[in-house]
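>>> after the sequence you'll find the predicted model.
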Amino acid sequence: MANQNASFLTAGTRHVGRQRRGKATKAAMSRKLVWIEQKRFRGFGCSDCGWRFKPTGAPTGASFDEMMRNFELQRDKEFTLHVCSDHTTTKSTDSE
């Protein structure tokens, strides 16, 4: 009987962990990669924070299609990995 209770408690603990991860995942899924046009910036950014995609250099590749794929992969990877709380600039700022 003690083992059954231990399993139940362990399962309950895992369930709580899933809820916490679920909230973080839901928040990350609500943000979108958007096109931004401002006075001093034109490019991709996050819909929920001040993160902006800044390519590290010219796109690489043997063809235009390969360059576009590499650019998009870099952009999408950086967008997915960014943490909104690290980029607290408001979305409505038009001074940049």
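Sure thing, it's come through. Numbering: from 1, shown residues only.
>>> where does the prediction get shaky in this structure?
For the chain, applying pLDDT under 70 flags the ranges 1-29, 89-96.
>>> domain-wise, how is it divided?
1-29, 31-96 (automatic domain parsing).
>>> who's residue 52 bridged to?
residue 45 (DSSP bridges).
>>> check contacts around it.
Contact analysis of residue 52 by Cβ atoms under 8 Å, 6 or more residues apart in numbering lists 36, 41, 43, 44, 45, 46. Backbone N, C-alpha and C define where each C-beta goes, glycine included.
>>> neighbours around residue 65, how many?
9 (other Cβ atoms under 10 Å).
>>> quickly find the element holding it.
Using DSSP states H and E, residue 65 maps to helix 64-81.
>>> that helix: which residues count as buried?
71, 74, 75, 78, 79 (16 or more other Cβ atoms under 10 Å).
>>> re the thing from before, now list the buried members of the contacts of residue 52.
Of those, these count as buried by 16+ other Cβ under 10 Å: 36, 44, 45, 46.
>>> from those, which is closest to residue 60?
The shortest approach to residue 60 among these belongs to residue 44, at 18.2 Å (Cβ to Cβ).
>>> how far away is that closest one from residue 38?
To residue 38, residue 44 is 12 Å away according to Cβ to Cβ, to the nearest Å.
>>> quick one: the helices in this protein?
2-30, 64-81 (DSSP state H).
>>> who does the last one touch, helix- and strand-wise?
Using 3 or more Cβ pairs under 8 Å, 6 or more residues apart in numbering; DSSP states H and E as the contact criterion, the neighbours of helix 64-81 among helices and strands are strand 33-37, strand 42-46.
>>> just put these in TSV and tack on distance to residue 88.
Formatted as TSV, those follow (distance: least, Cβ to Cβ, whole Å):
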stretch	distance to residue 88
strand 33-37	16
strand 42-46	11
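>>> of those, which is nearest residue 57?
strand 42-46 (14.6 Å).
>>> how much does the closest one deviate in direction from strand 33-37?
On the basis of axes from the mean of the first three to the mean of the last three Cα atoms, to 10 degrees, strand 42-46 is oriented at 140 degrees to strand 33-37.
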